[in-house]
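Peer 1: Attaching a predicted model along with its sequence, questions to come.
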Amino acid sequence: MKFINFSIVKFSLFLSLGVLFAKLTSAFSAISFTLILPLLFFLFISWLLARRQLFQNSIFGIITYACFFLIGYINYQIRLPEFQETHYSNHLSKTELLNSNQKIIQFKIKEVLKSDRYNTKYIAQVLALQEVVSSGLMLVNLKKDSLKTLYTIDDVLFVSANIKNIPTPLNPYQFDYSNYMKSLGVYHQIRISKRDILLAEKGISTVRGRAEKLRNHIIEKLRKSPLTPDELSIVQAFILGQRKDISKHLYSDYAAAGAIHILAVSGLHVGIVYFILLVLFSLLKSLPHGNLIRSILIVICLWGFAFITGLSPSVIRAVTMFSFFAFATIINRRTNSINTLFLSYFLLILIDPMWLFHVGFQLSYLAVFFILWILPIFNKLYYPRNYFIKKIWDIVTVTIAAQLGIIPLSLYYFHQFPGLFFISNLVVLPFLGILLGAGLLIIILALFNALPDWLALSYNSLIKALNSFINWVANQDAFLIQDIHFSMEKVLGSYVLIFSLVLLWKKSSFNRILYSLVSIAILIGIFIWNKNINADDQLIFFHKNRMSLIGYKQANELLLFRSDSTINYMDSYPIKGYRVERNIIHYSEEKLPQLFSYRNKTILRLDSLGVYPQTSKVDIILLTFSPRIHLERMIDSLQPKLIIADGNNYISYINRWRKTCKKKKLPFHFTGIEGAYVINSKK
């Protein structure tokens, strides 16, 4: 299968490269807009010339790929706030984002997010800012109160609030929530309470709002059934696409068992629904225009399934993908599945280039691509005649193909490998179709108040058995490999190796053997290079509220100095993320010293006693436990070059110290705002 020769694959590749280049280049160049028109003109001229030539030259292809690259680049750039005249952020200055001026904001709720301990969270579409018509998305944090007022999609609120930036991580190698929200098109946030809401009303209903309303109605119906809370939360997740009610321990079990994909309605679930519909409507093929009728019904049912799941982006992407497969049947044209897959990919990136950076989007398309690409190889290798053996073989090979496609990216994002994923998938996947089909039947019956208790209890028992099995797999700690260091360079090197080995497996040749050997050498070189760049020394003053943490990293060893000896920070925030990303192998803890040195820098730590030597000079002073000191007098005495205050101090003290340091023209670093302070061995 020479899928690489398909034009749509090449077009998709260059479109994606354009989006990636736009993402990586912070400064926008107007050259892209000025180049697109000349390129299109030359493309048209070269196409006219190419039609008259027997032997084609490469000019037409180069111009074509350059056009798709620029389309991807521009498509990403025009969605940035600075290139949208009505975007609310264009009405704000940098100083306005720092001060506490309240603004009147009118917005419409677009999506309900999972709540945290203190706030309910929404993504909202801004309609007006200070009575000026505006656009753009904003993160809304609504403080929980005793009334537990809940809003839903399409509700319109008028609030008085201060617009703030979404904070970036304060410690190195932590999850960047602000970057994640930017991939959703959200750049700022507001924090409000009930008293800040001036007016709340129902807005004009949208398709997404109606879908959310139907999903909430279904959930209310299911809550009246005999389904128990844990089992109901699983049904809500893998059928209705709502994971907000899953308990933390249950979610962790599914992640540890390598079955987390079951809880997110994605390509797997839509694919199962697609094949169920193929079977249900198979009899229509014997009718006149049967293929056309069957395909149209399948597409309608797929989008109906997307509707009851709330039309979330992940479901829309998956349904679009399988709609293209159904569409290929409608036009009764034999086409390669990979060609169809890339056609849906191409369309989705054109619709929203931000989807390229969504983890679910990446994993979904990689899994489907590898299944379509590698499964025929397995079937040529061995094709069972026995029906039951064939089904088991299909499950095993599909699991291997999907895991082979996603494992490098999964290691990069999640840093763990569930060793028993074969067992969990071998048991779960055969019954997932039954659970999904039966779940849809239960939903339909519940909507019409015709769900018998015996059926609900039977289904509840099946889900409970599934949860028990997942819990058993998750508790086999010896098979769960965690804290795996896997950089983006290793991801790229791994995919180069996987592609070269699969191509070699498909057809052996000298060139393919050479490519495989070069790929192995490249991956080995990446591992060596990663080891070398992680071999440096660092001293890190971490930020953690009410705690003082200093880490001393030397090669692959980390010594943590901490103020609280009752807590092991090895697997806790913020040490775990740093330890995994820097490939720390040896870890130890000690009590925080008062005076120590690093790279010829003397560091003094002051605690609540505020006692310090009167004569010795120091380079850095670390303030912890809110010491009551006369900072100006201490600066004159010790003549430090830098003052650091960690998260174990009162804010009022920090503000006073900052003013003093500004007066003395001395650098002041507060980890609660500027983040962790890192001293590298090269400094």
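Peer 2: Right, received. Where do you want to start?

Peer 1: where's the residue nearest to K194 when sequence neighbours are not counted relative to S193, distance?
Peer 2: Among residues not flanking K194 along the chain, D145 sits closest, at 5.1 Å (CB to CB, 6 or more residues apart in numbering). All C-beta atoms are positioned from the backbone trio N, CA, C, and that covers glycine. Going from D145 to S193 by CB to CB, to the nearest Å gives 7 Å.

Peer 1: Just want to know which of the two has more residues nearby.
Peer 2: Neighbours per residue (other CB atoms under 10 Å) separate D145 from S193, with S193 holding more: 14 against 11.

Peer 1: For the more buried one, give me phi and psi.
Peer 2: For S193, the backbone dihedrals (degrees, to the nearest 10) come out as phi -120, psi 180.

Peer 1: Might you report the residue contacts of it?
Peer 2: 142-143, 145 (CB atoms under 8 Å, 6 or more residues apart in numbering).

Peer 1: of those residues, closest to T206?
Peer 2: T206 lies nearest to L142 out of the contacts of S193, by CB to CB, at 20.5 Å.

Peer 1: Can you tell me the element the closest one falls in?
Peer 2: L142 belongs to strand 137-143 when assigned by DSSP states H and E.

Peer 1: for the stretch 301-450 of the chain, what spans make up the strands?
Peer 2: Assigned by DSSP state E, counting those that start in this stretch, the strands in the stretch 301-450 of the chain fall at 417-418.

Peer 1: low-scoring pLDDT stretches of it, where are they?
Peer 2: Low-confidence segments of the stretch 301-450 of the chain (pLDDT under 70): 329-336.

Peer 1: so where do the helices sit in it?
Peer 2: 313-330, 337-351, 359-381, 387-414, 421-447 (DSSP state H, counting those that start in this stretch).

Peer 1: Columns mean neighbour count on top of the ones you listed, output as TSV?
Peer 2: Listed next are the helices of the stretch 301-450 of the chain as TSV, based on neighbours: other CB atoms under 10 Å:
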stretch	mean neighbour count
helix 313-330	21
helix 337-351	19
helix 359-381	18
helix 387-414	17
helix 421-447	18
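
Peer 1: And those helices: which comes nearest D619?
Peer 2: Smallest distance to D619 across these (CB to CB): 37.8 Å, for helix 387-414.

Peer 1: Which neighbouring elements make contact with the closest one?
Peer 2: Contacts defined by 3 or more CB pairs under 8 Å, 6 or more residues apart in numbering; DSSP states H and E place helix 387-414 against helix 359-381, strand 417-418, helix 421-447, helix 488-506.

Peer 1: what do you get if the cut-off is 6 Å, keeping everything else the same?
Peer 2: If you count contacts as 3 or more CB pairs under 6 Å, 6 or more residues apart in numbering; DSSP states H and E, helix 387-414 packs onto helix 359-381, helix 421-447, helix 488-506.

Peer 1: could you say what helices and strands the second one packs with?
Peer 2: Helices and strands in packing contact with helix 421-447 are listed as helix 207-223, helix 267-280, helix 387-414, helix 453-474; criterion 3+ CB pairs under 6 Å, 6+ apart.

Peer 1: So for the first one, what gets flagged as buried?
Peer 2: It refers to helix 207-223. Residues of helix 207-223 classed as buried by neighbour count (16 or more other CB atoms under 10 Å): 208-209, 211-212, 214-216, 218-219, 221-222.

Peer 1: go on, the last one?
Peer 2: Residues of helix 453-474 classed as buried by neighbour count (16+ other CB under 10 Å): 455-456, 459-460, 463, 466-467, 469-471, 473-474.

Peer 1: Tabulate those residues (a markdown table), appending pLDDT.
Peer 2: Formatted as a markdown table, the buried residues of helix 453-474 follow (pLDDT from 0 to 100):
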| residue | pLDDT |
| --- | --- |
| L455 | 89 |
| A456 | 88 |
| Y459 | 88 |
| N460 | 89 |
| I463 | 89 |
| L466 | 86 |
| N467 | 86 |
| F469 | 86 |
| I470 | 85 |
| N471 | 86 |
| V473 | 83 |
| A474 | 80 |
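
Peer 1: Quick check: N649 vs T660, distance?
Peer 2: Here N649 is placed at a distance of 14 Å from T660 (CB to CB).

Peer 1: what about these two, which has more around it?
Peer 2: It is N649, of N649 and T660, that has more neighbours when counted by other CB under 10 Å, with 21 against 18.

Peer 1: who's in contact with the closest residue to the more buried one other than its chain neighbours?
Peer 2: Spatial nearest neighbour of N649, excluding adjacent residues (CB to CB, 6+ apart): S626 at 4.8 Å. Shown in contact with S626 (CB atoms under 6 Å, 6 or more residues apart in numbering): 649-650, 653.

Peer 1: any chance of those in JSON lines, with secondary structure, pLDDT and distance to Y73 too?
Peer 2: As requested, these are exported to JSON lines (DSSP: H, G, I helix; E, B strand; the rest coil; pLDDT from 0 to 100; distance: CB to CB, whole Å):
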{"residue": "N649", "secondary structure": "coil", "pLDDT": "93", "distance to Y73": "46"}
{"residue": "Y650", "secondary structure": "coil", "pLDDT": "92", "distance to Y73": "49"}
{"residue": "Y653", "secondary structure": "helix", "pLDDT": "93", "distance to Y73": "49"}
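
Peer 1: is it possible to export those residues to CSV including distance to F327?
Peer 2: Below are the contacts of S626 laid out as CSV (distance: CB to CB, whole Å):
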residue, distance to F327
N649, 62
Y650, 63
Y653, 65
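
Peer 1: which stretches of the stretch 1-150 of the chain form strands?
Peer 2: 103-112, 119-129, 132-133, 137-143.

Peer 1: Dump these into CSV; add mean neighbour count and distance to V502 as well.
Peer 2: Putting those into CSV (neighbours: other CB atoms under 10 Å; distance: least, CB to CB, whole Å) gives the following:
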stretch, mean neighbour count, distance to V502
strand 103-112, 20, 38
strand 119-129, 20, 39
strand 132-133, 10, 53
strand 137-143, 21, 40
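
Peer 1: check contacts around the residue nearest the centre of the chain.
Peer 2: The centroid of the chain falls nearest to V359 when counting by CA atoms, centre = their mean (4.2 Å). By CB under 6 Å, 6+ apart, V359 lies in contact with Y413.

Peer 1: F357 contacts L184, correct?
Peer 2: No: if you go by CB atoms under 6 Å, F357 and L184 don't touch, sitting 9.5 Å apart.

Peer 1: gap between the two ends of stretch 413-429?
Peer 2: One end of stretch 413-429 sits 24 Å from the other (CA to CA, to the nearest Å).

Peer 1: Residues touching it, excluding its own?
Peer 2: 257-259, 359, 395, 399, 473, 476, 479-484, 580.

Peer 1: And the residues you listed, which of them are buried?
Peer 2: Burial by neighbour count, 16+ other CB under 10 Å: within the contacts of stretch 413-429 this picks out 257-259, 395, 399, 473, 479-480, 580.

Peer 1: which one of these is nearest L445?
Peer 2: Closest to L445 out of the buried ones among the contacts of stretch 413-429 is A259 (26.9 Å), distances taken as CB to CB.

Peer 1: excluding its backbone neighbours, what's nearest the closest one?
Peer 2: S424 (4.8 Å).

Peer 1: try I481
Peer 2: Distance criterion CB to CB, 6+ apart; nearest residue to I481, sequence neighbours excluded, is F417 at 4.5 Å.

Peer 1: I'd like to know which elements the helix or strand encompassing V156 is packed against.
Peer 2: Taking DSSP H and E as the criterion, V156 maps to strand 155-161. In terms of contacts (3+ CB pairs under 6 Å, 6+ apart), strand 155-161 is packed against strand 103-112, strand 186-192, strand 197-202.
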